[in-house]
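Engineer: just coords:
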């Protein structure tokens, strides 16, 4: 069965510190991989996606993520966190075949302290 | 600007009442979706539609109904059969469902609560 695991429910970091949010997936074959961000009471915004090619992908707002096939992981990173990065972050996967649907993790809530 | 508009932002339902959540998009997308979000949980798919006048059940369709009479619109009705409707509801769209490079675009959501 397909699943997405985000093991950290909540993370607190200081402004300016580095950030890594973990995402592991279970899927029959390598899926497409996504990270979305959600501000309180808002919809989800796409941060970045991995379809193929370079396993280190760059996204918006200074985020990047690295796909590691051997670990079935797609961790999100940012070198220096800003207070405006406080939000909920969701990892998602989607199969490569036509008709496959998206599967979302349960999210990681990020708090940034000054 | 192109985007997805959900209304209302907040909605309250009385016992035994049906309520309808609106979702409109001007992105010219073929596919539209409804997701339910509960605290501490991921998004769960309620219904989706690939083209006008066609829609399919998702993982948690019981107690919900939809229609797709226009490409731009995909309203969701939460019926009285849905016993636990309190949640944040998100509408999304994409150019075409299931395409390999599909990306979802989301509205800003509707918070539904029971009085």
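Structural biologist: Yep, it's here. Since the model is a prediction, treat every value here as computed from it, not as a measurement. Numbers count the residues shown, from 1 in each chain, chains lettered A, B, ... in the order given.

Engineer: spit out the contact partners of the residue positioned nearest the centre of chain B.
Structural biologist: What sits nearest the mean C-alpha location of chain B, by C-alpha atoms, centre = their mean, is residue B:34, with 2.7 Å. With C-beta atoms under 8 Å, 6 or more residues apart in numbering or on different chains as the criterion, the residues that contact residue B:34 are B:21, B:23, B:45-48, B:58, B:64, B:66, B:74, B:76, B:89-92. C-beta coordinates here come from the backbone N, C-alpha and C atoms, glycine included.

Engineer: chain center to stretch A:80-100, what's the gap?
Structural biologist: If you compare the mean C-alpha spot of stretch A:80-100 with that of the full chain, they lie 4 Å apart, counting by C-alpha atoms, centre = their mean, to the nearest Å.

Engineer: pLDDT on that stretch, on average?
Structural biologist: Per-residue pLDDT over stretch A:80-100 has a mean of 89.

Engineer: in that stretch, what's buried?
Structural biologist: Neighbour-count burial for stretch A:80-100 flags A:81, A:85-95, A:100 (criterion: 16 or more other C-beta atoms under 10 Å in any protein chain shown).

Engineer: restrict the contacts of residue B:34 to those that also contact chain A, please.
Structural biologist: Checked against chain A using C-beta under 8 Å from any C-beta of the partner chain, the contacts of residue B:34 yield the following neighbours: B:45, B:48, B:58, B:90, B:92.

Engineer: let me have those in CSV, extended by secondary structure.
Structural biologist: Listed next are those as CSV, based on DSSP: H, G, I helix; E, B strand; the rest coil:
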residue, secondary structure
B:45, strand
B:48, strand
B:58, coil
B:90, strand
B:92, strand
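
Engineer: just those now: which is nearest residue A:34?
Structural biologist: Out of those, the one with the shortest distance to residue A:34 is residue B:92. That distance is 12.2 Å, counting by C-beta to C-beta.

Engineer: sheet partners, orientation included, of the worst-scoring helix or strand of chain A on mean pLDDT?
Structural biologist: Confidence across the helices and strands of chain A bottoms out at strand A:102-104, with a mean of 90, counting by mean pLDDT, DSSP states H and E. Based on DSSP bridges, the strands next to strand A:102-104 in the sheet, each with its direction, are strand A:87-94 (antiparallel).

Engineer: what does the partner strand contact?
Structural biologist: By C-beta under 8 Å, 6+ apart, strand A:87-94 touches A:2, A:4, A:6, A:21, A:23, A:25, A:27, A:31-40, A:44, A:47, A:74, A:76, A:100-105, A:107-110, B:42-43, B:102.

Engineer: please apply the same query to stretch B:67-81.
Structural biologist: Stretch B:67-81 is touched from outside by B:13, B:15-26, B:28, B:30, B:32-34, B:46-47, B:49, B:51-55, B:62-66, B:85, B:89, B:91, B:93, B:112, with contacts defined as C-beta under 8 Å, 6+ apart.

Engineer: list the buried residues for it?
Structural biologist: B:68, B:71-72, B:74-76, B:78-79.

Engineer: which one is residue A:76 nearest to, not counting chain neighbours?
Structural biologist: Nearest-residue entry for residue A:76: residue A:21, 4.3 Å, with adjacent residues in sequence omitted and distances by C-beta to C-beta, 6 or more residues apart in numbering or on different chains.

Engineer: still on that earlier bit, could you export the buried residues of stretch B:67-81 as a markdown table, including pLDDT?
Structural biologist: Compiled in a markdown table, the buried residues of stretch B:67-81 are given as follows (pLDDT from 0 to 100):
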| residue | pLDDT |
| --- | --- |
| B:68 | 97 |
| B:71 | 96 |
| B:72 | 97 |
| B:74 | 98 |
| B:75 | 98 |
| B:76 | 98 |
| B:78 | 96 |
| B:79 | 95 |
